[in-house]
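1. Sequence plus predicted model, see below.
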Amino acid sequence: MANKYIYSYMKRTNLFSMAVITVLCSFFYFLGVWQHGGGGPTRPPTTTTTINEIKCINNENRNSESIGLDFATHHTAESEIHTSPILTTKHFPPCDVKYSEYTPCEDTKRSLKFQRDRLIYRERHCPTKQELLKCRVPAPYGYKNPFSWPMSRDYAWYNNVPHKHLTVEKAVQNWIQFEGDRFKFPGGGTMFPNGADAYIDDIGKLINLNDGSIRTAIDTGCGVASWGAYLLSRNILAMSFAPVDSHEAQVQFALERGVPALIGVIASKRLPYPSRAFDMAHCSRCLIPWGQYDGQYLIEVDRVLRPGGFWILSGPPINWKRHFKGWNRTKEDLQAEQATIESTAKSLCWKKFIEKGDIAIWQKPTNHIHCKINRKIIRNPPFCKDQDSDKAWYTNLETCITPLPNAFDIKETAGGELAKWPERLTATPPRILSRSVEGITENMFKEDMKLWEKRVAYYKSVNNQLGENLYRNVLDMNAHLGGFAAALFNQPLWVMNVVPAEAKLNTLGVIYERGLIGTYQSWCEAMSTYPRTYDFIHADSVFSLYDNRCEMEDMLLEMDRILRPEGAVIFRDDIDILLRIKSITDGLNWESRIVDHEDSPHKREKLLFSVKLYWTAPAPIEQ
């Protein structure tokens, strides 16, 4: 009777269900104790252990009575290295000294397999996977770190670029002189015998180079890039390019001087830049046949010029009446060439801004309102249809005008007005304001600026060399919105901002609208530049992007090729990827250290700071 009463009371007060739960919990508790005590099956060993599991195992082995509470973090990058699987280091031997200036995608022997028409053989033609070098490209014997800027504008060590060919071939034009153990660059050029600075002054009398409206420029057929070198003092950043040709080492000299440059040629492919990138384009006797191939080369200049941008031409055929004898050309030939250029420029709706002396300048319209009306009369070239105007990695040239974004007033600048420099660097780019870059808002752009200011400050706290003006030529392998370069703009350096061809978003147009420069590149291939181009390389999530796309060791061998001895690299990536990178860079004879993320040691993203050790080819054997 009593039991029945108790049972009834427990049901009324919910104590019954509580008792059942208590019994079940007790049962499973004792079952667990029995299993861990050896009375049940043991847990099978695993080949991998998570970081959290490592921490728990370590804590279980501690004597809790003898250790006080410790709230400091113990989850560091170094601890992850010690608890990760050991990766074997593969060592890479030095290449033969004959490869000291090797440019894989512009190799002269390989280029001879391709047609000479339109200089196609001088375009990029990269080695097959079987042809890739698996060795470290050596610096020449006696190599020294380049002169610091601004002295490097005027001098380069002879041993770094041991070629005297230009000093003989261009002696009259005063491009370059040889003095003892170094080269001197007087700033001369074919069309500026009084020096590049005086030549730029002449241009400045025709268009305004001082109000910040002109910030980015492109120099086609740049020689040793004296035009770009002397523009830097006017806060104008020029992208200079020239092919590998008989004028040996032009681009290499430019880079030794600390001037932005790439190996390149206008032939059958688009230049590796987005549309509306440059405020000014320049050709000083660059020997490009502007009037040929239905005007495709001028059409390409039109694509990369911003609305209202200028094209400057000096040299043949400009001022041909004065120079035709020195150019060994007939009057009729030169007059016909100029007429063709004038006609092509007019068909692009450019206006002849001015021609004075040896300099002629055309200006692109700020919008295409009138140009579209004129197409009813001037039908060629037509406007392109259904094209991606920013696609420029192995993209064929076309014989059609790249249409500007729509404008509704004749005074409107298509695509949006650019701020003047230096406000342009931090002003929200028009491409973002117009939502033409998918998924990037104005707020995201501003947050990205803050993020990179914070990250660069952290880089400097870890490696104070970043703040000591030791680096001049800098490469950002995955630039996104250019935040890394923007955070460094007060320092005497320039950054080549690369947007990988495989990137989810094409943001290179945004980078140019900020007044920075860059290029497209697939890191499964070699870059169009000489060995030892860069003093510093930044690689943010590059290897995550290319994981399973191409071989990590080939990418790192390319980085080793283009990094000068004692140059530095910062990798930012997942810890597992960084450990794989480190196992390879150890075999490249780099010194490196993994450090924690700037926000927290608990983040899987870490940083790998590396330095390429100094070494060169051996001394040549005297005969």
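-> That came through fine.

2. secondary structure class for the most centrally placed residue in the chain?
-> Among the residues of the chain, the one closest to the centroid is V498, at 2.4 Å (CA atoms, centre = their mean). With DSSP: H, G, I helix; E, B strand; the rest coil as the basis, V498 sits in strand.

3. for the stretch 501-623 of the chain, what spans make up the strands?
-> In the stretch 501-623 of the chain, strands defined by DSSP state E, counting those that start in this stretch lie at 517-521, 534-540, 563-574, 590-595, 605-612, listed in chain order.

4. Kindly reformat these as a markdown table and extend each row with mean pLDDT, distance to A139 and mean neighbour count.
-> Where C-beta positions appear, they are placed from N, C-alpha and C, glycine not excepted. Formatted as a markdown table, the strands of the stretch 501-623 of the chain follow (pLDDT from 0 to 100; distance: least, CB to CB, whole Å; neighbours: other CB atoms under 10 Å):
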| stretch | mean pLDDT | distance to A139 | mean neighbour count |
| --- | --- | --- | --- |
| strand 517-521 | 98 | 23 | 24 |
| strand 534-540 | 98 | 13 | 23 |
| strand 563-574 | 98 | 5 | 22 |
| strand 590-595 | 96 | 15 | 18 |
| strand 605-612 | 98 | 10 | 21 |
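
5. I'd like those as TSV, with distance to W494 appended.
-> As requested, those are arranged in TSV below (distance: least, CB to CB, whole Å):
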stretch	distance to W494
strand 517-521	7
strand 534-540	11
strand 563-574	15
strand 590-595	24
strand 605-612	20
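
6. Quick check: which of the ones you listed is nearest to D96?
-> Proximity to D96, assessed across these by CB to CB, is greatest for strand 563-574 (17.5 Å).

7. what's next to the closest one, contact-wise?
-> Strand 563-574 is contacted from outside by 139, 143, 145-146, 459, 463, 465, 471, 532-544, 559, 578, 581, 590, 604-616, using CB atoms under 8 Å, 6 or more residues apart in numbering.

8. again with stretch 138-147
-> The contact list for stretch 138-147 (CB under 8 Å, 6+ apart) reads 94-95, 97, 99-100, 152, 155-157, 159-160, 162, 256, 258, 472, 531-532, 535, 564-566, 615-620.

9. Show the contacting residues for the residue nearest to the centre of the chain.
-> Counting by CB under 8 Å, 6+ apart, V498 has contacts 475-479, 518-521.

10. what about 7 Å?
-> Contact analysis of V498 by CB atoms under 7 Å, 6 or more residues apart in numbering lists 475-479, 518-519, 521.

11. Can you name the two of those that sit furthest apart?
-> Spatial extent of the contacts of V498 (CB to CB) is set by the pair N478 and T519 at 12.6 Å.

12. Give me the neighbour count for L488.
-> 23 (other CB atoms under 10 Å).

13. Would you confirm that R604 contacts I575?
-> Yes - with contact defined as CB atoms under 7 Å, R604 counts as touching I575 (5.4 Å).

14. now the strands for the stretch 51-200 of the chain?
-> Using DSSP E, counting those that start in this stretch, strands in the stretch 51-200 of the chain cover 155-157, 177-179, 182-184.

15. between the ones you listed, which gets nearest to G309?
-> Per CB to CB, nearest to G309 of the strands of the stretch 51-200 of the chain: strand 155-157, 31.6 Å.

16. what sits up against the closest one?
-> Strand 155-157 is contacted by residues 144, 146-147, 181-184, 253, 256-257 when judged by CB under 7 Å, 6+ apart.

17. that older thread, taking the contacts of stretch 138-147, please make a PyMOL selection of just the buried ones.
-> Only the buried members of the contacts of stretch 138-147 end up in this PyMOL selection, burial being decided by 16 or more other CB atoms under 10 Å:
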select buried, resi 95+97+99+100+152+156+157+160+256+258+472+531+532+535+564+565+616+617
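
18. which stretches of the chain have low pLDDT?
-> Applying pLDDT under 70 to the chain flags the ranges 1-86, 166-174, 245-248, 622-623.

19. Using the record's domain definitions, break it down for me.
-> If you go by the TED database, the domain ranges for the chain are 187-377, 423-612.

20. Turn the ones you listed into JSON lines, including distance to L397.
-> Output for those, formatted as JSON lines (distance: least, CB to CB, whole Å):
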{"stretch": "domain 187-377", "distance to L397": "5"}
{"stretch": "domain 423-612", "distance to L397": "15"}
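
21. Out of those, which is closest to Q177?
-> Closest among the domains of the chain, using CB to CB: domain 187-377, at 9.2 Å.

22. can you tell me the distance between the two ends of the closest one?
-> Using CA to CA, to the nearest Å, one end of domain 187-377 lies 45 Å from the other.

23. before we move on, what about stretch 488-507?
-> End to end - CA to CA - stretch 488-507 spans 19 Å.

24. ok, now stretch 580-596?
-> With CA to CA as the measure, stretch 580-596 spans 16 Å from end to end.

25. any idea how far that stretch is from the chain center?
-> Average the C-alpha atoms of stretch 580-596, do the same for its chain, and the two points are 22 Å apart (CA atoms, centre = their mean, to the nearest Å).
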